[in-house]
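1. Fold the following for me, if possible:
(one chain, ligands or ions: 2)
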Amino acid sequence: MVDSATNSRFFALIPCAGHGTRAGTTGPKQYERVAGQPMVWHTLSAFAGVKRIARTLVVVAEGDGFFERNPSTSALVVPVGGATRAQSVANGLRELRRVGAVDNDWVLVHDAARCLITPDLINRLIDACVGDEVGGLLAHPLPDTLKVERDGRAVETIERNGKWLAQTPQMFRLGMLRHALEGAGDSATDEASAIEKMGLKPLLVEAGAHNFKVTYPDDFAMAEAVLKSRR
Ligand SMILES: Nc1ccn([C@@H]2O[C@H](COP(=O)(O)OP(=O)(O)OP(=O)(O)O)[C@@H](O)[C@H]2O)c(=O)n1
Ligand SMILES: C[C@](O)(CO)[C@H](O)COP(=O)(O)O
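-> Ligands and ions are numbered 1, 2, ... in the order given. Got it, this is the predicted structure:
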């Protein structure tokens, strides 16, 4: 399916080439079993459930081998992971062009490690952004009081109003995103920050707290509980 106003298609790009250092797992965290399946399978199942996505591309590290050992996805898996997430995404955009995506097509970039994403949330983002000039991201308004730390002590409390936690997917047009990432360099920890650096204002689309990124050891149990509660 296409964005009927502009004839643009929708592609998904899943950066899956991280090490998961903070998770403390022996291998990459995205392949740990959560609720009976490797984490990334939950992520890919959600995207497979959105019929208007023309193609999903997964960026893995060179020599990764997980998808060869576990061939269970219709997604295109490419071993072009970079040293940073921004590099992995930029390399993935190049691969999308090689398989026919053009600058005007929409790309939804989503962390492999956000395995609690659902087709409903993906559709919510697409519906909100498809008529927009810039694009946008799923996000969650900051729920807690925000502290600045120095040497283990709180030294300042920052105004929380108007602050959001950035989630993924983040949805932008391929050409705009490629240009933004070239300008922002490796320091960009998400796509929206690269777009912001160009003076543009991505749309914040409210998602729930459940769409968190599995980052620390405790997060696996939380992800498992949420996934099991959906059965
Ligand atoms: N060089 C990198 C780094 C990260 N990622 C991916 O980007 C997503 C979000 O990154 P994060 O949660 O920070 O994952 P890691 O980099 O694996 O974690 P850590 O920082 O704890 O090592 C993950 O799906 C991860 O696999 C990637 O594709 N390429
Ligand atoms: C893109 C992201 O998920 C937004 O919250 C996040 O920035 C990626 O993880 P990292 O820890 O910043 O690499």
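2. Every contact and neighbour count from this point should use C-alpha atoms.
-> OK.
3. near ligand 1, which residues of the chain show up?
-> 15-23, 81-85, 88, 111-113, 215 (C-alpha under 6 Å from any ligand atom).
4. Now go through the residues you listed and say which are in helices.
-> Mapping the residues of the chain next to ligand 1 onto helices (DSSP state H) picks out Arg85, Ser88.
5. Using CSV, list the CA coordinates for stretch 218-231.
-> Extracted in CSV, the C-alpha atoms of stretch 218-231 (Å, rounded to 0.1, in the frame of the first residue of the first chain):
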residue,chain,number,x,y,z
ASP,A,218,15.8,-6.1,34.7
ASP,A,219,14.2,-5.1,31.4
PHE,A,220,14.0,-8.7,30.2
ALA,A,221,11.6,-9.8,33.0
MET,A,222,9.4,-6.7,32.3
ALA,A,223,9.3,-7.4,28.6
GLU,A,224,8.5,-11.1,29.3
ALA,A,225,5.6,-10.1,31.6
VAL,A,226,4.1,-7.6,29.1
LEU,A,227,4.4,-10.1,26.2
LYS,A,228,2.8,-12.9,28.3
SER,A,229,0.0,-10.6,29.4
ARG,A,230,-1.0,-10.1,25.8
ARG,A,231,-1.6,-13.8,25.1
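6. Looking at it now, give me its mean pLDDT.
-> For stretch 218-231, the mean pLDDT works out to 96.
7. One more: stretch 61-71?
-> Taken as a whole, stretch 61-71 has a mean pLDDT of 95.
8. Can you check the distance spanned by that stretch, start to finish?
-> In stretch 61-71, first residue to last residue: 16 Å (C-alpha to C-alpha, to the nearest Å).
9. so how far is that stretch from its chain's centroid?
-> 20 Å (C-alpha atoms, centre = their mean, to the nearest Å).
10. can you give me how far the one helix or strand in the chain whose mean pLDDT sits lowest is from the chain middle?
-> Least confident helix or strand, the chain: strand 2-3 with a mean of 79, by mean pLDDT, DSSP states H and E. Relative to its chain's centre, strand 2-3 lies at 21 Å (C-alpha atoms, centre = their mean).
11. quick one, what contacts the closest residue to Leu174 other than its chain neighbours?
-> Nearest residue to Leu174, sequence neighbours excluded (C-alpha to C-alpha, 6 or more residues apart in numbering): Asp103, at 4.8 Å. By C-alpha atoms under 8 Å, 6 or more residues apart in numbering, the contact list for Asp103 reads Arg173, Leu174, Gly175, Met176.
12. residues near the third one, how many?
-> Same thing as Gly175. 17 (other C-alpha atoms under 10 Å).
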